[in-house]
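This is a predicted model, with the sequence first.
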Amino acid sequence: MHLRRLALAAILAVLVAACSSAGVSPSVAPATRSPSPPATSPAAATRIEVSLTDALKMEPGSMTVPAGVPVTFVVSNRGAIDHEFYLGDEEAQAEHETEMQSAGGMRHDEPEGIAVKPGETKELTYTFTRAGQVFAGCHVAGHYAAGMKAAITVTG
């Protein structure tokens, strides 16, 4: 009976993983957004505080997070101008940069990113599915090109 449950759980996990990764870049999975606080288990309690500044810096400039565990980024805009926090590999960052420039800026939050107004703090909960290198970036006009990004190492 116990082996049947384990087998069923393994099959369900594979199906969920297969369904949730469709159309996603190899190193980034769709975000899971949660308006409520993350669970209290140690695996689900990964939280990272991030500051966005008008010096076009994202602090910390590098982070390490585990794959397969929800990570809540607590993002504070410490400046007087709009910023954003967008997650993705280099290709996703380039695509988002193009979208931002053609749309005139980020107008709403999305699974991979949040717009953060001056003095505001927002949370973005995201689950990375694979080990590798991704980035957080701000694509307000000129910010990413000026270096407003952080490297994120996802460990397996």
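Now that the structure is in, tell me what you want to look at.

Just the buried residues of stretch 56-75, please?
By 16 or more other CB atoms under 10 Å, the buried positions in stretch 56-75 come out as L56, K57, M58, M63, V65, A67, V69, P70, V71, T72, F73, V75. In this view, the C-beta of every residue, glycine as well, is placed from N, C-alpha and C.

Just to be sure, the fifth one is in a strand?
Yes. With DSSP: H, G, I helix; E, B strand; the rest coil as the criterion, V65 is part of a strand.

That one is in contact with G156, isn't it?
No. Using CB atoms under 8 Å, V65 is not in contact with G156, being 11.2 Å away.

Which strand or helix spans E95?
When elements are assigned from DSSP states H and E, E95 belongs to helix 90-103.

Hmm, I typed the wrong one, I wanted L87.
Using DSSP H and E, the element containing L87 is strand 83-88.

Give the rounded mean pLDDT of that strand.
In this model, strand 83-88 has a mean pLDDT of 97.

Just give me the closest of the buried residues of stretch 56-75 to K149.
Using CB to CB, M58 comes nearest to K149 of these, at 6.1 Å.

nearest residue to that closest one other than its sequence neighbours?
Nearest residue to M58, sequence neighbours excluded (CB to CB, 6 or more residues apart in numbering): A150, at 4.4 Å.

Next, the angle from the host helix or strand of that neighbour to strand 83-88.
Assigned by DSSP H and E, A150 falls within strand 149-155. If you take axes from the mean of the first three to the mean of the last three CA atoms, to 10 degrees, strand 149-155 sits at 40 degrees to strand 83-88.
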